[in-house]
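Visitor: Can you look at this prediction? I've put the sequence above it.
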Amino acid sequence: MHKPLDISAYLVVGPENTLERPIGSIVEAAIIGGFTTIQIRSKVASARELIDLVKQSAAIIERLNPNVTLLVDDRLDVVLAARSMGVKVDGIHVGQSDIPVDVCRKFLGADSIIGLSARTTDLIDYVKTADVSDIDYFGAGPLHETPTKPDCGRAADGSIITHGFDELKTLASISPRPIVVGGGVKVNDLAQLAATGVNGFFVVSAVAGADDPLSAARSLVDTWNAHQPNSTR
């Protein structure tokens with residue numbers, strides 16, 4: 001049994017997102033600000049650099065809040081290497097064109113967390129027929145056009161295909177797994193996003209690219225929490 005999974009406030013971060021600031025400072029700000037999941041993602045860092053970033057992030061999590069989940073995007077090799085060095089990595093996040101989830105489960109074991117992301121409409125179709133027993137949560141979106149995810153779906157005219165709140169409400173109503181939504185999410189989106197019934201939001205530049213990452217993280221978390229059903233607001 002893996003640790004309790006809370007994807008309500010989920011940061012995706014890599015060295016290309018931090019405006020040349022240390023990853024550790026962004027991770028620390030996010031956790032102090034109330035973020036519950038950290039995903040290390042980079043398309044430019046080497047395996048060794050990623051392992052080091054995971055190691056740094058794990059140490060920060062252990063010091064500040066051991067309940068925070070630490071994941072790595074796509075790189076099963078990095079997760080396995082970090083674990084072999086004694087680093088506490090909770091699991092992996094993959095896309096539909098990445099390593100299959102059953103392969104990840106085979107190598108990472110039953111106690112690991114595995115997330116799968118896809119466009120919202122694809123997930124609506126997927127959850128109706130697919131075996132989701134190896135998946136712990138879904139990542140959906142993009143909600144808006146975002147430069148940090150250039151490989152998301154595009155329409156015939158080249159524009160990024162975004163997905164509205166109605167589609168997310170449909171997905172939340174039929175999904176057997178928790179859902180986190182990202183893609184250009186801002187504070188002003190969170191009230192509507194919470195009303196769809198999804199379980200959380202993920203951001204990259206809203207925290208990692210903010211002038212004050214700690215203040216940005218707190219604002220996002222406070223706003224999300226204020227719009228939960230059990231809020232006393």
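Guide: Cool, the structure landed.
Visitor: Count the residues that sit near the closest residue in space to residue 203 that isn't next to it in sequence.
Guide: Sequence neighbours aside, residue 185 is the residue nearest to residue 203 in space, at 5.4 Å (criterion: C-beta to C-beta, 6 or more residues apart in numbering). Yep, even glycine has a C-beta here, placed from its N, CA and C like the rest. Burial measure for residue 185: 24 neighbouring residues, criterion other C-beta atoms under 10 Å.
Visitor: Pretty sure residue 185 sits against residue 207.
Guide: No. At 10.6 Å, residue 185 and residue 207 do not qualify as touching, with contact defined as C-beta atoms under 8 Å.
Visitor: Give the residue spans of the protein that score low on pLDDT.
Guide: Counting by pLDDT under 70, the chain contains low-confidence residues at 1, 145-163, 231-233.
Visitor: If we use 50, what do you get?
Guide: Low-confidence segments of the chain (pLDDT under 50): 149-162.
Visitor: Quick check: what element follows the longest helix seen in the chain along the chain?
Guide: Among the elements of type helix in the chain, defined by DSSP state H, the one spanning the most residues is helix 47-64. Elements were assigned by DSSP states H and E; along the chain past helix 47-64, the next helix or strand is strand 69-73.
Visitor: quick one: residue 137 and residue 3, what's the gap?
Guide: Taken as C-beta to C-beta, to the nearest Å, the spacing of residue 137 relative to residue 3 amounts to 13 Å.
Visitor: if I look at these two, which residues touch both of them?
Guide: The overlap between the contact sets of residue 137 and residue 3 (C-beta atoms under 8 Å, 6 or more residues apart in numbering) consists of residue 113.
Visitor: who has more neighbours, these two?
Guide: More neighbours sit around residue 137 than around the other of residue 137 and residue 3, counting by other C-beta under 10 Å; the figures are 26 against 15.
Visitor: Quickly note the distance from the more buried one to residue 43.
Guide: Applying C-beta to C-beta, the value for residue 137 to residue 43 is 22 Å.
Visitor: Could you pull up the residues touching residue 192?
Guide: For residue 192, the contacting residues are residue 165, taking C-beta under 8 Å, 6+ apart as the criterion.
Visitor: Convert the C-alpha atoms of the helix or strand containing it to CSV, please.
Guide: Counting by DSSP H and E, the element that carries residue 192 is helix 190-195. Below are the C-alpha coordinates for helix 190-195, written out as CSV (Å, rounded to 0.1, in the frame of the first residue of the first chain):
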residue,chain,number,x,y,z
LEU,A,190,-10.0,27.4,-9.5
ALA,A,191,-13.5,28.1,-8.4
GLN,A,192,-14.9,26.8,-11.7
LEU,A,193,-12.5,23.9,-11.7
ALA,A,194,-13.4,22.9,-8.2
ALA,A,195,-17.1,22.9,-9.2
